[in-house]
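J.: sequence-free structure coming up:
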């Protein structure tokens, strides 16, 4: 390719630009934030919330940016290994996994490192602006229309700039306007599947000392709910991040969503597991409590389109956005970038419809979607849609989660799926289900 354009310069867009740097002479990353100066802008509204980088996402970063871990650690990130990463179910700490490794840092910290590495590539450059539509020759997308970042949205006119490209990548996130742009050019928009979950979560930072030696990440979640007496679900997590701080996130559904009041936030922390209680009692809160509301999981299925233009792909939340409680978002974006790499290396021409890419991306999206939505359907306020065989899947999943608290082999398989190192279907193996059936909690 002579040129490629990436719409969006956060996590998914930066990874896509890294992949495209091996296939295009010129890669332009367009964002309403000024990527050249690093000046803060509107960006992703949930950027300041605590984000998890699952172990598969960590592996993908190392794949595309060798030495990334050492660079991150040198600048203040932490690497949790084995017992330094704790998972609790119903207040009980799960059995530790010696092989587990998780990189712990804030999302702005990770994106700053990624941006620095990507923008140092000789054929990648940032462009401060805002895309307003697609250029189209009737067969493929030939580029994008641009406006200055401060211009109000509106129909394209003489003041807008045309930027040609062999391939356009939509990395605009949940608020992507790709569907409406496609319809405006005579194409069909991809069908969207939705599951309303009405989640709210809040993040606060605390000064970190030596109050929790040997802890880098601690995550707490309720266990399987009784079908007849559903309990209030209040997941919580903390992570040691750069700058000598703890980042703490609390979440809940519907009317129980956490707010921005610091005292109520601390009160919720004191209802959670021991590590979060310790931070609430021992550490000073830094700054304000930041809240975010996540109303629904959504995915756009491009593989179901009979007609689709060449020269166009989508990555990240533009394709699928699932319940952030499970921490899959960053890792899903990294796997989609790798799917794009496989597609381009297969010899597919960028001017033709990227059906091979969307089929590969669907594999990882299916895995994340099934894991998240099956768990979400356990919430009493979530009304579906229910997949075929849900009752049996839920019954087996509840028993698997209970067994994973005490059985290291079961927990290892469970965490491999949670961290996207393995497909959810591996949890249905007869050998694993036998271990689940034979596991009894210690007296």
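T.: Thanks, I have it. Just so it is clear, the structure is predicted and the values come from calculations on it, not from any experiment.
J.: what residue ranges in this structure score low on pLDDT?
T.: Scanning the chain for pLDDT under 70 picks out 36-45, 150-159, 225-232, 443.
J.: if you set the cut-off to 90 instead, what comes out?
T.: Filtered on pLDDT under 90, the chain yields the residue ranges 32-52, 90-91, 147-160, 221-235, 374-375, 378-380, 383-397, 439-443.
J.: show me where this structure has its helices.
T.: Ranges of helices in the chain, per DSSP state H, are 11-20, 55-64, 68-74, 107-119, 178-184, 262-269, 274-282, 329-345, 355-376, 390-404, 408-418, 430-438.
J.: what's the fifth one in contact with?
T.: Around helix 178-184, the neighbours that count as contacts under C-beta atoms under 8 Å, 6 or more residues apart in numbering are 133, 134, 170, 172, 188, 189, 190, 192, 300, 309, 314, 318. For the C-beta atoms, the positions are set from N, CA and C on the backbone; glycine is no exception.
J.: just the buried residues out of the residues you listed, in ChimeraX syntax.
T.: If you want just the buried ones from those in ChimeraX, going by 16 or more other C-beta atoms under 10 Å, the selection is:
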select :133,134,170,172,190,300,309,314,318
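J.: taking the contacts of helix 178-184 together, which two end up most distant?
T.: Longest distance between any two of the contacts of helix 178-184 is 20.1 Å, between 133 and 192; criterion C-beta to C-beta.
J.: in contact with the residue most central in space within the chain, which residues?
T.: Centroid-nearest residue in the chain, with C-alpha atoms, centre = their mean: residue 329, separated by 0.9 Å. Residue 329 is in contact with 51, 316, 317, 321, 322, counting by C-beta under 8 Å, 6+ apart.
J.: can you add distance to residue 441 and neighbour count and give the residues you listed back as a markdown table?
T.: As requested, the contacts of residue 329 are arranged in a markdown table below (distance: C-beta to C-beta, whole Å; neighbours: other C-beta atoms under 10 Å):
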| residue | distance to residue 441 | neighbour count |
| --- | --- | --- |
| 51 | 32 | 23 |
| 316 | 40 | 28 |
| 317 | 38 | 26 |
| 321 | 36 | 23 |
| 322 | 30 | 27 |
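J.: what would those look like in a markdown table with distance to residue 106?
T.: A markdown table is the format used below for the contacts of residue 329 (distance: C-beta to C-beta, whole Å):
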| residue | distance to residue 106 |
| --- | --- |
| 51 | 7 |
| 316 | 18 |
| 317 | 18 |
| 321 | 20 |
| 322 | 21 |
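J.: out of these, which comes closest to residue 286?
T.: residue 51 (17.9 Å).
J.: what sits against the nearest residue in space to residue 18 that is not next to it in sequence?
T.: Spatially, and ignoring its direct neighbours in sequence, residue 18 is nearest to residue 64 (5.0 Å; C-beta to C-beta, 6 or more residues apart in numbering). If you count contacts by C-beta under 8 Å, 6+ apart, residue 64 has them with 15, 18, 19, 334, 337, 338.
J.: check residue 286 too.
T.: Contacts of residue 286 by C-beta under 8 Å, 6+ apart are 204, 205, 206, 207, 245.
J.: number of residues surrounding the second one?
T.: Right, the one you point to is residue 205. 22 (other C-beta atoms under 10 Å).
J.: same thing with residue 281?
T.: 11.
J.: just residue 303 next, same as before
T.: So residue 303, with other C-beta under 10 Å, has 14 neighbours.
J.: just checking, it touches residue 362?
T.: Yes. Counting by C-beta atoms under 8 Å, residue 303 touches residue 362, with 5.4 Å between them.
J.: who does residue 249 form a beta bridge with?
T.: residue 203, residue 237 (DSSP bridges).
J.: same check, this time on the one 4 residues further on
T.: For residue 253, the beta-bridge assignment (DSSP bridges) gives partners residue 199.
J.: okay, now it: neighbour count?
T.: Neighbourhood size, residue 253 [other C-beta under 10 Å]: 23.
J.: can you check residue 75 too?
T.: 12.
J.: would you confirm that it contacts residue 116?
T.: No. Using C-beta under 8 Å, residue 75 is not in contact with residue 116, being 10.2 Å away.
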